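>>> From the sequence below, what's the structure:
(2 chains, ligands or ions: 3)
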Amino acid sequence: MRELSLNVMDIAQNSVTANASLITITVNESDKDDFLDIFIEDNGKGMTKEQVQSVIDPFFTTRKTRKVGLGIPLFKMAAEQTGGYLTIESQVGIGTKVHAHFVKSSVDMTPLGDINSTVKILIQCNPCLDFVFNHSTDIGEFTLDTRELREVLGEDVPLSTPDVLEWIGGFLEEQSDIIYGGA
Amino acid sequence: MKSLAELQAIRDKAKLELNMRHENPDAIRVLVGMATCGIAAGARPVLNAFTEEVAKRNLQDVTITQTGCIGICQFEPVVEIEIPGEDKVTYVKMTPEKVAKVVNDHIVNRNVVTEYTIGAYK
Ligand SMILES: Nc1ncnc2c1ncn2[C@@H]1O[C@H](COP(=O)(O)OP(=O)(O)OP(=O)(O)O)[C@@H](O)[C@H]1O
Ligand code: FES
Ligand SMILES: [Mg+2]
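Residues are numbered from 1 along each chain as shown, chains lettered A, B, ... in the order given. Ligands and ions are numbered 1, 2, ... in the order given. Model prediction:
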């Protein structure tokens, strides 16, 4: 993938498929301490230890019954090529947490890219699910929590209403400008 | 600054519009393939372009959403358009540049853009 934000969209899709009702995406980055961490956490159906193992290492799996997925291996490769790593914690019936750690200054670092667009599309395409997005830098941090927006909007106005999506896009843009030291 | 007060105003306006308009059974669905392969091939800007074009023309009753694996990786980004009562049309190797023509010709004027469909590539 050309941008990590595309990997994030892909990994979050797994959470949607796993019937999650709440998906939390966290990006913590620091130039000072030279890291970028991405967490994708859900309350979906979860995986057994064995499943997690075969998902992380699809080419060493003993199972031949289904096609091998590419989403997680690609994300893992992007992390490892910077000297980082990827871990998955999962519990059946509870949920899954994917954590990718990147060494930001590595020449093999893939840029984060347009993470705001990823968040917006996830909300647009899954208006019945809740998303929490946290983003922090050396300068500051912010959170978008669709549960709070839903409280304001009430039951009749879905998150996928065009004006609402535009508000969300504007909010994300403003906030990320601030934590990237812009306007 | 984007404030929650602003969001409240959006809610009130949207509620008014909801009351005036009843659910249209002829809603058109635009489905963008967003499996790993689709995303890697550039599905995200295509989905954004559809959203923008539909908003720009203020088309009601067009929903744009993602779908998973369509099973034709080599043709990604793939977009399916479903108009009730008509055959589903599959557009392949989509780009943001092709979107305006598809919205104008197919969604608005109901003429399939044959040269972008899967039939033209097979
Ligand atoms: N959050 C999750 N909750 C439950 N199961 C998951 C989760 N993430 C991944 N899995 C399991 O791991 C498998 C592999 O995921 P991966 O993203 O690598 O490939 P995929 O989704 O099967 O295919 P694709 O290449 O289209 O992404 C999934 O099919 C699913 O069974
Ligand atoms: S994995 Fe490519 S179309 Fe399904
Ligand atoms: Mg996947």
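>>> what helix or strand is B:N111 on?
If you go by DSSP states H and E, B:N111 is not part of any helix or strand.
>>> how about the nearest residue to it, chain neighbours excluded?
Leaving aside its sequence neighbours, B:N111 sits nearest to B:D105 (C-beta to C-beta, 6 or more residues apart in numbering or on different chains; 4.7 Å). (C-beta placed from N, C-alpha, C; glycine too.)
>>> B:A35 too?
Distances taken as C-beta to C-beta, 6+ apart place B:C69 nearest to B:A35, at 4.1 Å, with adjacent residues excluded.
>>> close to chain A, is the lowest-mean-pLDDT helix or strand in chain B?
Here the helix or strand of chain B ranked lowest by mean pLDDT, DSSP states H and E is helix B:4-20, holding a mean of 86. Yes: Helix B:4-20 lies within reach of chain A by C-beta under 8 Å from any C-beta of the partner chain, at B:L4, B:E6, B:L7, B:Q8, B:I10, B:R11, B:K13, B:A14, B:K15, B:L18.
>>> Let me see the contact set for the closest residue to the last one other than its chain neighbours.
Take B:L18 and drop its neighbours on the chain: the residue closest to it by C-beta to C-beta, 6+ apart is A:D156, 6.1 Å away. The neighbourhood of A:D156, defined by C-beta atoms under 8 Å, 6 or more residues apart in numbering or on different chains, consists of B:A14, B:K15, B:L18.
>>> Alongside chain A, which residues does chain B contribute?
Residues of chain B lying near chain A (C-beta under 8 Å from any C-beta): B:1-2, B:4, B:6-8, B:10-11, B:13-15, B:18, B:34-37, B:39-40, B:44, B:47-48, B:51, B:55, B:63-66, B:68.
>>> Try it again at 7 Å.
With the criterion set to C-beta under 7 Å from any C-beta of the partner chain, chain B comes near chain A through B:1-2, B:4, B:6-8, B:10-11, B:13-15, B:18, B:34, B:36, B:39-40, B:44, B:47-48, B:55, B:65-66.
>>> For the buried ones among those residues, write the corresponding PyMOL selection.
Buried residues within these, by 16 or more other C-beta atoms under 10 Å in any protein chain shown, are selected in PyMOL with:
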select buried, chain B and resi 2+7+10+11+14+34+36+39+40+44+47+48+65+66
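>>> filter the residues of chain B next to chain A by proximity to ligand 3?
Counting by C-beta under 5 Å from the ion, nothing from the residues of chain B next to chain A sits close to ligand 3.
>>> what about the residue in chain A positioned nearest to ligand 1, how many neighbours?
Distances between chain A and ligand 1 by C-beta to the nearest ligand atom are smallest at A:G69, namely 1.8 Å. Neighbourhood size, A:G69 [other C-beta atoms under 10 Å in any protein chain shown]: 15.
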